[in-house]
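1. here is the input, now give the coordinates:
(2 chains)
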2 protein chains.
Amino acid sequence: MHTIQELQDYINIKLAEQQFTGNPPLLYEPINYTLSQGGKRMRPMLTLLACEMFGGNIENAVYPSIGLEIFHNFTLLHDDIMDKAPIRRGKETVYKKWNINIAILSGDTMFALAYEYMLKTDSHFISRILPVLNQTAIEVCEGQQYDMNFETDGDITIADYIEMIRLKTAVLLGASLKIGAIVGGADDVNANHIYDFGINIGLAFQLKDDLLDVYADVEKFGKITGGDIVTNKKTFLYLKAFDLANETQSERLQHLFNLPETEHNAKVNGVKALYDELNIEQLCKEEMQRYYEKAFTALDKINVSNQQKQELMDFAEQLIGRES
Amino acid sequence: MHTIQELQDYINIKLAEQQFTGNPPLLYEPINYTLSQGGKRMRPMLTLLACEMFGGNIENAVYPSIGLEIFHNFTLLHDDIMDKAPIRRGKETVYKKWNINIAILSGDTMFALAYEYMLKTDSHFISRILPVLNQTAIEVCEGQQYDMNFETDGDITIADYIEMIRLKTAVLLGASLKIGAIVGGADDVNANHIYDFGINIGLAFQLKDDLLDVYADVEKFGKITGGDIVTNKKTFLYLKAFDLANETQSERLQHLFNLPETEHNAKVNGVKALYDELNIEQLCKEEMQRYYEKAFTALDKINVSNQQKQELMDFAEQLIGRES
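-> Residues are numbered from 1 along each chain as shown, chains lettered A, B, ... in the order given. The predicted structure follows:
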């Protein structure tokens, strides 16, 4: 078994070996730019890890794992247009560096390339892994649409929020594991268990993200906290606070959320104080813990030795314990 | 064998039976809106026609043919954003009726749905038809990027233009025929011949489009002519005229192309007069005829009876003879 770090390094080497070139160059330059920027390579790493967990050779999972990384980056290209995000991984986003049309079209090309890499997998597995990518692709679009709707919708429940992050984030982690498991030799029952593990770890992962945005140690986090508060993002913390607030607290929250972005500090500190009154940090940690435990219940059901599961358990612990 | 009209009707019935529904509705409404608008259904019709030509049952080709129609409409959704096109098929385009973000995301969903329909095909054929769609999808993106580049690039040759329309338009017609042929039982050699037929008919089809834009009978055409001239679109006619023009004619053309859109009539009439001096209509017809003949050379090579080829020949004749 390889360690997580070894798998990440392996992915980066394999990705660097691929040629994403062609004409016209304007179509392919943004693809190379995007795929050469690094990132955690979490999805392809999970594919390789799941493959090995079931006794498969990671070489057989390289192409689908690259396909999943390309797919993920395609969604980022399009999301950045929709979210008007100027920076990703410390660099200008594609639509900002080039323009919206090029970001749309390079993204579309990456979507097709993702399928091309899926098809390079041993043909035995094609009919089982393609429907997983298909369903995931549709669900990720649904999740992004919900996320956009939430910006203007007034009555979002916590259940709505969990469903949105399941679609937008968790299903691709589940799919990456499931596809790796299939290529590694897992039957459908076990492939579905590892998918469930991925869904629940994905939900815990996103809740951790919400927490870090408010409560991270700024030095370790590497960026300023409170971004979600300043932009009124309806995270678990935000929705839970509105759920629990009494009338006065609700009015205070509403007032704080109406403050302009220029009053950054007053807004962030005011909201944090209210979160503290309502014990929101602890409640979010408990919610996260629930998904974390559900993930381990799914992992328990998988029919391989605990030793074979060790890397995935380590990964889950790192994800939850991370400080950035 | 069914007639073209019968196949079109059949597609429309089958498309109407599909449920493109889901949540959030904002993601699926534009998909239904787009797919229920009609259009010629040329691509799925070609798939069914090719399937039958090789002795296959059109029922086996319904799903991939719908997949191709969805794919085509996905490209239109995204192209309309890039081209800022407000109207398609007499109705507001999706990005205009909703917004750019929704058009991007509904388009992405349609791309995934196209693959989903491909996967509904008899599993024997999946490994042969998916690479065709993949390559086509990438090439269509390349074609659209070339088309956008041409708006600002100064030195486009006729060869560049032919390559652009091959990628943007012809490959999808070729792919629709090839996929239908495969499902109908064709071997790779014959499937490639019908693909070549599609490429060349596609090129002739686009040249016919360029011609109609300038020379159509306005009543039969159903819209005003000269649109390409007014927007300085670098069509075959435009490029051929600049190729053949002497210095004075070149200056006149340049002057005419610099006229603003408000001088619609002066611009269109002036350019048409110059095209007439240079015999451009005839030259374009000859070029079209060359591709038409190449298409029939490819059709000749296909190893089925002439009777089996009759519908495809009729289709080609209709395409070239059409007046709108």
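2. could you export the helix or strand of chain A at the bottom of the mean pLDDT ranking as PDB, CA atoms only?
-> Scoring the helices and strands of chain A by mean pLDDT, DSSP states H and E places helix A:218-221 at the bottom, with a mean of 82. Output in PDB follows, covering the C-alpha atoms of helix A:218-221 (Å, rounded to 0.1, in the frame of the first residue of the first chain):
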ATOM      1  CA  VAL A 218      -5.200  32.600  10.700                       C
ATOM      2  CA  GLU A 219      -1.500  31.700  10.500                       C
ATOM      3  CA  LYS A 220      -2.100  28.100   9.800                       C
ATOM      4  CA  PHE A 221      -5.100  28.800   7.600                       C
END
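3. report the buried residues of the helix or strand following it.
-> Downstream of helix A:218-221, the next assigned helix or strand under DSSP states H and E is helix A:227-230. By neighbour count on 16 or more other Cβ atoms under 10 Å in any protein chain shown, the buried set for helix A:227-230 is A:228, A:229, A:230. Placement of C-beta: from N, CA and C, glycine included.
4. for whichever helix or strand comes after helix A:227-230, the distance to its chain's centre please.
-> Counting by DSSP H and E, the next helix or strand C-terminal to helix A:227-230 is helix A:236-244. What separates the centre of helix A:236-244 from the centre of its chain is 22 Å, taken as Cα atoms, centre = their mean, to the nearest Å.
5. what stretches of the stretch 151-300 of chain A score poorly on pLDDT?
-> Nowhere does the stretch 151-300 of chain A drop to pLDDT under 70.
6. in it, which spans are helices?
-> Secondary structure of the stretch 151-300 of chain A (DSSP state H, counting those that start in this stretch): helices located at A:158-165, A:171-184, A:188-215, A:218-221, A:227-230, A:236-244, A:247-258, A:264-277, A:280-301.
7. from these, which stretch is densest packed?
-> Mean neighbour count (mean count of other Cβ atoms under 10 Å in any protein chain shown) peaks for helix A:171-184 among these, with a mean of 29.
8. helices or strands up against it?
-> Helix A:171-184 is packed against helix A:42-53, helix A:62-82, helix A:123-152, helix A:188-215, with contacts defined by 3 or more Cβ pairs under 8 Å, 6 or more residues apart in numbering or on different chains; DSSP states H and E.
9. quick one: closest of the ones you listed to residue B:141.
-> helix A:62-82 (11.7 Å; Cβ to Cβ).
10. pLDDT of the closest one, averaged?
-> Averaging pLDDT along helix A:62-82 gives 98.
11. paired strands for the next helix-or-strand element following that helix, with orientation please.
-> Following helix A:62-82 in sequence order, the next helix or strand is strand A:87-88 (DSSP H and E). Here strand A:87-88 is paired, per DSSP bridges, with strand A:91-92 (antiparallel).
12. now the partner strand: average pLDDT?
-> Averaging pLDDT along strand A:91-92 gives 95.
13. name the nearest residue to residue A:283, ignoring sequence neighbours.
-> Nearest non-adjacent residue to residue A:283, counting by Cβ to Cβ, 6 or more residues apart in numbering or on different chains: residue A:240, 5.7 Å away.
14. distance of the one you found from residue A:109?
-> 41 Å (Cβ to Cβ, to the nearest Å).
15. repeat that for residue A:8.
-> Per Cβ to Cβ, residue A:8 is found 25 Å from residue A:109.
16. ok, now residue A:255?
-> 47 Å.
17. got it, and residue A:320?
-> Distance from residue A:320 to residue A:109, by Cβ to Cβ: 36 Å.
18. which one of the two has more residues nearby?
-> Set residue A:320 next to residue A:109 and count neighbours by other Cβ atoms under 10 Å in any protein chain shown: residue A:109 wins out with 27 against 18.
19. hang on, the more buried one in a helix?
-> Yes - under DSSP: H, G, I helix; E, B strand; the rest coil, residue A:109 falls within a helix.
20. hang on, the earlier thing: closest to residue A:93 out of the helices of the stretch 151-300 of chain A?
-> Closest of the helices of the stretch 151-300 of chain A to residue A:93 is helix A:227-230, at 16.1 Å (criterion: Cβ to Cβ).
21. CA atoms of the closest one as PDB?
-> Presented in PDB, the C-alpha positions along helix A:227-230 are these (Å, rounded to 0.1, in the frame of the first residue of the first chain):
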ATOM      1  CA  GLY A 227     -15.000  35.400   4.200                       C
ATOM      2  CA  ASP A 228     -18.300  33.600   4.400                       C
ATOM      3  CA  ILE A 229     -19.700  36.000   7.000                       C
ATOM      4  CA  VAL A 230     -18.700  39.100   5.000                       C
END
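22. any residues touching it, and which ones?
-> Outside helix A:227-230, the residues that touch it by Cβ atoms under 8 Å, 6 or more residues apart in numbering or on different chains are A:210, A:213-214, A:233, A:235, A:237-238, A:261, A:264, A:267-268, A:271-272.
23. okay, now residue A:32: neighbour count?
-> 15.
24. which non-adjacent residue is nearest it?
-> Nearest non-adjacent residue to residue A:32, counting by Cβ to Cβ, 6+ apart: residue A:20, 5.2 Å away.
25. residue contacts, that neighbour?
-> Residues in contact with residue A:20 (Cβ under 8 Å, 6+ apart) are A:28, A:31, A:32, A:35, A:113.
26. sec struct for it, please.
-> Following three-state DSSP, the label given to residue A:20 is coil.
27. got the phi and psi for it?
-> Backbone torsions of residue A:20, given as degrees, to the nearest 10, read phi -100, psi 60.
28. residues contacting stretch A:296-309, please?
-> For stretch A:296-309, the surrounding residues in contact (Cβ under 8 Å, 6+ apart) are A:1, A:53-55, A:189-190, A:193-194, A:196-197, A:200, A:312-313, A:316.
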